[in-house]
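Student: need coordinates for the below:
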Amino acid sequence: MPVAPGCAPRSRRAADPNHDPERDTEPHWEDYRVLVHGTDRILDALHTVKWEQDGTLTFRRSCAHGICGSDAVRINGRNRLACKTLVKDLNPRRPITIEPIKGLPVEKDLVVDSRDEGGEQRLETLNDREGVWRCRTTFTCTEACPRAIEVTGRSRRSSAP
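Tutor: As a prediction, the model looks like this:
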């Protein structure tokens, strides 16, 4: 494995509370050892675990650019995005602990149910005078959208009387 300049690869232990409701009655912790570089993201380490050590490890990810937020987890006790958190930014003297976001129901491993009961309230907001135009008038969402949605056309159709 090539070494990034100024960064020595090291074996890190990543722990996550593993829970599969179909198999387990209670969540339990699993330890994984992963060779990482300081410039690796936590998302890279999670991929390594899933692809090389434990194919059952479940976590969310989508854009991998810090836009969608789907890979939000608790890393060493802080809410962070796995795709934006670099190994070098964490304490090298302690294991990396990865857990699901607190306060949300855990579906499996690191996956939480982030749905809420605010759907109707958001629909009311979209139906007011300015509708979705208030959401993003700079159209930066067109670059950020991983689904290539034609935002202007959708906005016009949504706000049509």
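Student: is it fair to say Leu46 lies in a strand?
Tutor: No - Leu46 sits outside any strand when classified using DSSP: H, G, I helix; E, B strand; the rest coil, being helix.
Student: once you drop chain neighbours, what's closest to it?
Tutor: Excluding its sequence neighbours, the residue lying closest to Leu46 (CB to CB, 6 or more residues apart in numbering) is Phe59, at 5.5 Å. Placement of C-beta: from N, CA and C, glycine included.
Student: ok, how many other residues are close to the one you found?
Tutor: Residues near Phe59, counting by other CB atoms under 10 Å, number 21.
Student: what sits against it?
Tutor: Leu46, Lys50, Asp71, Val73, Ala82, Asp109, Leu110, Val111 (CB atoms under 8 Å, 6 or more residues apart in numbering).
Student: between all of those, which two are separated the most?
Tutor: Pairwise distances across the contacts of Phe59 (CB to CB) peak at 13.6 Å, for the pair Lys50 and Val73.
Student: compare these two (neighbour count), which wins?
Tutor: Val73 (25 against 16).
Student: any weak-confidence spans in this structure?
Tutor: Residue ranges of the chain with pLDDT under 70: 1-25, 116-161.
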